[in-house]
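In: compute the structure for the input listed below.
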Amino acid sequence: MNNKAAVMYGTRDVRVEEREVPEPGPKEVLVEIRAVGVCGSDVHYYEEGRIGSFIVEEPMILGHESMGTVVGLGGEATRHKEGDRVTLEPGIPDGTCRECRAGRYNLCPNVRFFATPPIDGAFANYVAIHEDFAFALPETLSDDAGALMEPLSVGIWANRKAGTKAGDHVLVTGAGPIGLVSLQVALAEGATQVTVTDVAPERLEMARKMGATRTMNVAEEPLEEAGIEADSLIECSGNPTALGDGIRSLRPAGTAVVVGMGPNEETSVPLAFVQTREIWVTGTFRYANTYPAAIELAATGKVDLDALVTSRFDLDHAADALQASRKDAGNVKPMVVPNAGA
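Out: As a prediction, this is how the structure comes out:
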């Protein structure tokens, strides 16, 4: 076996090189990677070398939205067999801390998350992962869809935090991949109105095709002038203006869920509005216990993940994949295919 990997050495410096094939631990499986989605976090690391307090200080393999085929088993691994197609949940918690014991394993301080410094990700031919974080995929789902269970999980978690229910009006600010899956999950949960905002016409068109009841180009039509009174806000852009305007578009006792991460560790919110209307404001950090629900939503056709995919690159062109969305706003979800032709 050869394990080719796209390794980030510094900002805008990705080199394809050979790495050792991982040796699966006792409860791990060895997975041949078939598809990896390019996430906004990958792009931030590539362009800036950091996201907030997470700083790339040594060579690191990017990519955490992944799926593949099991090709090896650790001595105590029993959950899968060789040949199984699996989607990978990329964060492995310690399982013993207070947050893990309370079921909030996404908040585990010792979590080892793919492509988060210093942990390597999945822009490689092979990775090893604990068997409990590899989930079997139905044959009806494509490789691309299997890889995108990760961003779908973010959308599921955001809607859970928003308390989305039948009859709701959900406002989604930002029509990137997370905004688009959040839109689809909101509809699957019974929301009757989903308004989506962005500044890119191509992305708003995708939102319309995915069922948005209203789309707004906020570069032309400010949200604050739209007269919206939504039950919940799912803020996916990381833009401080979108957060403030979105909060002001909530009904009394509405909920604002902050998903998008901007470049700054601090921002401002309209506190007087939050207080006088008793708005609930919460952040999200990844997700917990969402993969079975994500697989079910995709397998039953309630969420269309293949519709997100706009381009594909082999491993040798991983750097091009990382630049694709910046060069073309319509290139919403580039995919890297490490074993193309295998």
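In: between the two ends of stretch 137-148, how far is it?
Out: This stretch, stretch 137-148, spans 12 Å end to end (CA to CA, to the nearest Å).
In: same question, stretch 157-176
Out: With CA to CA as the measure, stretch 157-176 spans 16 Å from end to end.
In: and it, which residues are buried?
Out: 157-162, 164, 168-176 (16 or more other CB atoms under 10 Å). Where you see a C-beta, it was placed from the backbone N, CA and C, and this is true even at glycine.
In: what does stretch 82-97 give?
Out: For stretch 82-97, the neighbour count (16+ other CB under 10 Å) marks D84, R85, V86, T87, L88, E89, P90, G91, I92, P93, C97 as buried.
In: ok now that stretch, how far from the chain's centre?
Out: In terms of CA atoms, centre = their mean, to the nearest Å, the gap separating the centre of stretch 82-97 from the centre of its chain is 16 Å.
In: what values do phi and psi take at E65?
Out: phi -100, psi 100 (degrees, to the nearest 10).
In: mind listing what N3 touches?
Out: When contacts are counted by CB atoms under 8 Å, 6 or more residues apart in numbering, N3 touches E18, R19, E20, V21, P22, A124, N125, Y126.
In: just flag the most distant two among those residues.
Out: Using CB to CB, the contacts of N3 reach their maximum pairwise distance at E18 and P22, which is 13.1 Å.
In: neighbour count: these two, which is higher?
Out: Set E18 next to P22 and count neighbours by other CB atoms under 10 Å: P22 wins out with 17 against 10.
In: host element of the most centrally placed residue in the chain?
Out: Per CA atoms, centre = their mean, the C-alpha nearest to the average position across the chain is that of P151, at 2.7 Å. With elements taken from DSSP states H and E, the one containing P151 is helix 149-162.
In: quick check: angle from whatever helix or strand comes next after that helix to helix 149-162?
Out: From helix 149-162 onward toward the C-terminus, using DSSP H and E, the following helix or strand is strand 169-173. Counting by axes from the mean of the first three to the mean of the last three CA atoms, to 10 degrees, strand 169-173 points 130 degrees away from the direction of helix 149-162.
In: next helix or strand past strand 169-173?
Out: Scanning forward in sequence from strand 169-173, with DSSP H and E defining helices and strands, the next element found is helix 177-188.
In: which residues does V196 bridge with?
Out: Per DSSP bridges, the residues bridged to V196 are V172, T215.
In: that one: how many residues sit nearby?
Out: Other residues within reach of V196, judged by other CB under 10 Å, total 29.
In: that one touches V181, doesn't it?
Out: No: with contact defined as CB atoms under 8 Å, V196 does not reach V181; the gap is 11.7 Å.
In: now, which of the buried residues of stretch 157-176 sits nearest R112?
Out: Ranked by distance to R112 (CB to CB), these are led by W157 at 19.3 Å.
In: correct me, but that closest one touches N289?
Out: No: counting by CB under 8 Å, W157 sits too far from N289 to count as a contact (9.3 Å).
In: identify the contacts common to the two.
Out: The contact lists of W157 and N289 share no entry, where a contact means CB under 8 Å, 6+ apart.
In: pLDDT score for P263?
Out: pLDDT, P263: 68.
In: please apply the same query to E266.
Out: E266 is assigned a pLDDT of 85 by the prediction.
In: one step back: the buried residues of stretch 82-97 in helices, which ones?
Out: Counting by DSSP state H, none of the members of these fall within helices.
In: of all these, which two lie farthest apart?
Out: Greatest spatial distance among those (CB to CB): R85 and C97, at 31.5 Å.
In: which strands or helices does the helix or strand of the chain with the lowest mean pLDDT pack on?
Out: For the chain, using mean pLDDT, DSSP states H and E, the weakest element among its helices and strands is strand 50-51, scoring a mean of 88. On a contact count with 3 or more CB pairs under 8 Å, 6 or more residues apart in numbering; DSSP states H and E, strand 50-51 meets helix 40-48.
In: in the helix it packs on, what counts as buried?
Out: So helix 40-48, judged by 16+ other CB under 10 Å, has buried residues G40, S41, D42, V43, H44, Y45, Y46.
In: before we move on, back to that, gap between the least confident helix or strand of the chain and the chain center?
Out: 16 Å.
In: repeat for stretch 278-297
Out: For stretch 278-297, the gap between its own C-alpha mean and the chain's C-alpha mean amounts to 11 Å (CA atoms, centre = their mean).
In: please apply the same query to stretch 149-169.
Out: Distance, stretch centre to chain centre, for stretch 149-169: 13 Å (CA atoms, centre = their mean).
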